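In: When you get a sec, could you give me coordinates for this:
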Amino acid sequence: RGAQEALSSMTRLDGEPVRPAQVRVLRQGRDTALLSITIHEGKNRQIRRMCAAAGLHVKRLKRVQEHTLKLGDLPEGAWRDLTKQELLATK
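Out: The predicted model follows:
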């Protein structure tokens, strides 16, 4: 069973129910793959735990969006104030 199918069909993680993730394969190599994974709950280390349960090794994770906030070019470890529009969108 492929990584995409294994991750997107997962409904339980360590005995807890989880909403299925949306998984897209962005690049597939012989022994590696670059995946885009969208989760809806953000449980503690959820993606790493899901991959471990599917028998996959995570080499690197990069968050690109949190709810409606896209991180864009924000450097690792940096922060910025939310715009008025972003604050309104989170309510």
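In: and the longest helix seen in the chain, what other elements does it pack with?
Out: Of all the segments assigned as helix in the chain under DSSP state H, the longest by residue count is helix 46-53. On a contact count with 3 or more Cβ pairs under 8 Å, 6 or more residues apart in numbering; DSSP states H and E, helix 46-53 meets strand 12-13. Any C-beta I mention is one placed from the backbone N, CA and C, and that applies to glycine too.
In: Neighbouring strands of the strand it packs on in the sheet, and parallel or not?
Out: strand 16-17 (antiparallel) (DSSP bridges).
In: got the contact list for the partner strand?
Out: With contact meaning Cβ atoms under 8 Å, 6 or more residues apart in numbering, strand 16-17 is reached by 11, 43.
In: ok, then the element right after it?
Out: strand 22-28 (DSSP states H and E).
In: and that next one, what does it pack onto?
Out: By 3+ Cβ pairs under 8 Å, 6+ apart, strand 22-28 packs against helix 3-8, strand 33-38.
In: So in that sheet, which strands flank it, and in what orientation?
Out: Applying DSSP bridges, strand 22-28 is found paired with strand 33-38 (antiparallel).
In: Show the average pLDDT along the partner strand.
Out: On average, the pLDDT along strand 33-38 is 94.
In: quick one on the thing from earlier: and the longest helix of the chain, which residues are buried?
Out: By neighbour count with 16 or more other Cβ atoms under 10 Å, helix 46-53 contains the buried residues 46, 47, 49, 50, 51.
In: No more questions from me, cheers.
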